[in-house]
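Student: sharing a sequence plus its predicted fold:
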Protein chains: 2
Amino acid sequence: MYDKTISSAVIKRLPRYYRYLGELLENDVVRISSKELSEKMNVTASQIRQDLNNFGGFGQQGYGYNVEYLYTEIGKILGLDKKYNVIIIGAGNLGQALANYTDFERRGFYICGIFDVNPRLIGISIRGIEIRLIDELEEFMKTNTVNIAALTIPKAKAPQVAADLVSLGIHAIWNFAPTDLNLPKDVMVENVHLAESLMRLSYNLKAAEESGESI
Amino acid sequence: MYDKTISSAVIKRLPRYYRYLGELLENDVVRISSKELSEKMNVTASQIRQDLNNFGGFGQQGYGYNVEYLYTEIGKILGLDKKYNVIIIGAGNLGQALANYTDFERRGFYICGIFDVNPRLIGISIRGIEIRLIDELEEFMKTNTVNIAALTIPKAKAPQVAADLVSLGIHAIWNFAPTDLNLPKDVMVENVHLAESLMRLSYNLKAAEESGESI
C-alpha cells in the first residue's frame, strides 16, 4: 500500500497530526490548508506536505486537506482501524493510571486484564477490570486474545517478564521499566523512559540558561 | 564549553548513554571500548563516537572510555550536577506514580510539592509530601524555589494551568496532558504523550504484520 521504509521521525510525527486533526474534527472543521495546519502545529507547511507525501499525499491543490478524510487515513496508517486488547503487568500507581485512562479506548486500545505479584491488590477493580495474580497470566493468555502488554514493573524484573510474555505469544510491549528489553526482532517494543524524558528537560533548561534565554 | 547547536537526536540519545554508563558503574566496570558499549546499547560504534565528539570526545585511542569519567561528564552535559525542585500539579494516579518514583531523586530531581483541585485528596502524604490545594500554589511559589512543574492534569485544564505556572516564575514544564502547550520561548516543555506512544506501537505492529515479520 505504501512504502514501508518510512523514517522513524515521520512515524513520531504522525500521531501528532492525528491528534490535531481529531481536535479540528471535534470543532467541526471540514477542511484545512497545509499553511493553517502548519501554524496550528508549529511545523513548516513544507514539512507537513513532505510527511504526508510518504503516504501518497491526500491534499488537493487550492483546496487543502479534507479533515475527516485525512484523519481517517492517518488513523489507518497508524493501525487505528483495528481494536487492540491490552494487558497491564504491574498494578501499582502507574499501571492503575494507565488502566484509568479512557483516552486509549477511544483510539481502539482496550484494557482487558491487569496483573500483579502483590496478593493485596488482587480483586481490586479498575473500571470493571479485576486485578489478577500474575500466576494466572498463562491461563488468561490461552483463553483471551491479547495484542499488547504494558509493562509497569520494576526494572530488575522487566527483562524476565518480557521474555515470558513473548513465549506466551505477545508481539508488542509498551515498556515503562527504565531498562532496554532485548527481545526477538518480531516483537515490537515502545519504550516510555520517564527518567530520560526528565533528563532532556534538565538538559534544555541548562542549555537555555547558558545561552541567556532564561534567567 | 561546547557547541549549543546539538541536534535533538543526539540529545535524545544522551540520557540512554547515561543510563548504560550508570549500570556499568554499578557493576564496577572501569573502562569500556566504543565497540563493547555499542554492542551493549545496540547502536554502531561510529554513532557513539560521533555523538560524544559533539562534546569534545572523552575517548582515548587504544583505551576506550573511562566509565566513571564519561558518566560524570555526560551527567554535567545533561545538567545533572545540579539539584532540581519539582512540583507535581495533579495528584491522580499518574501524579502519585511520579511522586513515588525514587529513581528521579537519585538523579537530582526532588519532588517538593504536590497540588490538586480535589479537596478529598488534601492532606494525603506521598513519601512525606502532603498533597495541597492548588489555591496554595501561589503562596508556595513565593516561599520555595521550584525549577520544574510536572503537569498530570486533564487536557482541557492544562493550557491555563501552564500559563499560570509560567506567570509564577516556572521555566520548565514536564507535560503529561495530551495537548501541546503554547508557552513563551524561554519556557522549556518536555512532553510525554502516552496516547501517541501507544499509536507508534500500533503502527509498528501493523507494519511488521504487513511485511510478514510477525504473525
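Tutor: That came through fine.

Student: which of the three states applies to residue A:81?
Tutor: Going by DSSP: H, G, I helix; E, B strand; the rest coil, the secondary structure assigned to residue A:81 is coil.

Student: what about the closest residue to it other than its chain neighbours, which helix or strand?
Tutor: Using CB to CB, 6 or more residues apart in numbering or on different chains and skipping the chain neighbours, the partner closest in space to residue A:81 is residue A:75 (6.1 Å). C-betas here are computed from N, CA, C, even on glycine. Here residue A:75 is covered by helix A:67-77, with elements defined by DSSP states H and E.

Student: which residues are contacting whichever helix or strand comes after that helix?
Tutor: Next helix or strand after helix A:67-77 toward the C-terminus (DSSP H and E): strand A:84-89. Contacting residues not belonging to strand A:84-89 are listed as A:95, A:98-99, A:104, A:108-116, A:134, A:137, A:140, A:144-153, A:161, A:165, A:174, B:202, B:205 [CB atoms under 8 Å, 6 or more residues apart in numbering or on different chains].

Student: just checking, the residue nearest to residue A:81 touches residue A:82?
Tutor: No - checked against CB atoms under 8 Å, the pair residue A:75 and residue A:82 is beyond contact range at 10.0 Å.

Student: who's more crowded, these two?
Tutor: residue A:75 (19 against 14; other CB atoms under 10 Å in any protein chain shown).

Student: contact partners for residue A:205?
Tutor: Residue A:205 neighbours (CB under 8 Å, 6+ apart): A:214, B:79, B:84, B:147, B:148, B:171, B:172, B:188.

Student: next, count neighbours for the second one.
Tutor: In other words, residue B:79. 20.

Student: nearest spatial neighbour of it, chain-adjacent residues omitted?
Tutor: Closest to residue B:79 by CB to CB, 6+ apart is residue A:206, at 3.4 Å.

Student: packing partners of the longest strand anywhere in chain A?
Tutor: Secondary structure of chain A read by DSSP state E shows that its longest strand is strand A:109-116. Contacts defined by 3 or more CB pairs under 8 Å, 6 or more residues apart in numbering or on different chains; DSSP states H and E place strand A:109-116 against strand A:84-89, helix A:93-100, helix A:103-106, strand A:129-133, helix A:137-143.

Student: that one relative to helix A:93-100, how many degrees between them?
Tutor: Here the directions of strand A:109-116 and helix A:93-100 differ by 150 degrees (axes from the mean of the first three to the mean of the last three CA atoms, to 10 degrees).

Student: who does whichever helix or strand comes after strand A:109-116 pair up with?
Tutor: Going down the chain from strand A:109-116, the next helix or strand is strand A:125-126, by DSSP H and E. Paired strands of strand A:125-126, with direction, are strand A:129-133 (antiparallel) (DSSP bridges).

Student: thank you kindly, that will do.
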